[in-house]
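Participant: I would like to see how this sequence folds:
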Amino acid sequence: MDPVGSILFWAALFIGTHLLVSSSAVRPRLISKVGEQPYRGIYSLISFATFVPLVIVFAYHKHSGPMLWYLRTEAAARWLAWALMVIAFVTLVAGLITPSPANIGTTPDQVRAPRGLLKVTRHPAFIAFSLFGFAHMLMNGWLGDLIFFGTFPVLGIAGGKHQDARKLRELGDGYREFVEETSFLPFAALVSGRQKWRAADVPWAGIMIGVALAIVTALLHPFLFGGQPLG
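Facilitator: Alright, predicted model coming up:
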């Protein structure tokens, strides 16, 4: 199998198994047979067993396949890519420290009105992964790279929709209300007037930690991954 084909194979396997094991057809059956905690272990093991080979194959075949675009010499493109990465870090950190009904283990009585970053998007982690992928796709126009980094927004978008459907089944009306009051697409709920942003919603801790992580990543990127940042 050629390098691009190998990357595509593992990317498809990673996304496919990720969604299949958590689907409404498979997840309840596995949980009924082995229990909630063992299911989470199986889910993590399958994710690990498909993602690690994907990363290894890509590491050995970076910049493989035809080049579809080259924007590394374009200052505007590089600034945009780094802006996306800073936003991705801030979104990820702020999302992790903001309790969400979409989190694992949430019960119907724990569903609360959205606050903080959840007013921007109800799935901060999925949005962060998507932004990470888009930023790197912008700077890496080789077909193999686009497939690898495209895995993140594909999984982010599909995973968010998938999680909403599952949480609606599990949490019922409380989560349905949460979905109606928020948006998956960033800022859509605010623009439509479903949410109002207040000073108390600004995720200062997430902003400071996220920006710091972005700076550290930029400094360490050449040593950890080789080449220029985002490359």
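
Participant: C-alpha from now on. contacts and neighbour counts both.
Facilitator: Will do.

Participant: who's sitting farthest from the centroid in the chain?
Facilitator: K33 (29.3 Å; C-alpha atoms, centre = their mean).

Participant: What strand or helix carries it?
Facilitator: helix 27-34 (DSSP states H and E).

Participant: Packing partners of that helix?
Facilitator: Here helix 27-34 touches helix 36-60, going by 3 or more C-alpha pairs under 8 Å, 6 or more residues apart in numbering; DSSP states H and E.

Participant: if we look at the helix it packs on, which residues are touching it?
Facilitator: Residues outside helix 36-60 that contact it (C-alpha atoms under 8 Å, 6 or more residues apart in numbering) are 3, 6-7, 10-11, 13-14, 17-18, 21-22, 27, 30-31, 144-145, 148.

Participant: now do stretch 133-153
Facilitator: Here stretch 133-153 makes contact (C-alpha under 8 Å, 6+ apart) with 3-4, 7-8, 11, 15, 54, 58, 61-72, 77-78, 80-82, 84-85, 126-127, 129-132, 230-231.

Participant: Walk me through the domains of this protein.
Facilitator: 1-61, 66-224 (automatic domain parsing).

Participant: mind giving me a markdown table with these and columns for mean pLDDT?
Facilitator: Converted to a markdown table, these look like this (pLDDT from 0 to 100):
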| stretch | mean pLDDT |
| --- | --- |
| domain 1-61 | 89 |
| domain 66-224 | 91 |
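
Participant: Let me know which of those domains is tucked in deepest.
Facilitator: Among these, domain 66-224 has the highest mean neighbour count (mean count of other C-alpha atoms under 10 Å), at a mean of 18.

Participant: and that one, how far apart are its ends?
Facilitator: End-to-end distance of domain 66-224 (C-alpha to C-alpha, to the nearest Å): 25 Å.

Participant: same deal with stretch 55-71?
Facilitator: 23 Å.

Participant: how far away is V216 from G133?
Facilitator: For V216, the distance to G133 equals 19 Å [C-alpha to C-alpha].

Participant: tell me the angle the longest helix that the chain contains makes with helix 27-34.
Facilitator: Ranked by residue count, the top helix of the chain under DSSP state H comes out as helix 143-171. Helix 143-171 runs at 70 degrees relative to helix 27-34, counting by axes from the mean of the first three to the mean of the last three C-alpha atoms, to 10 degrees.
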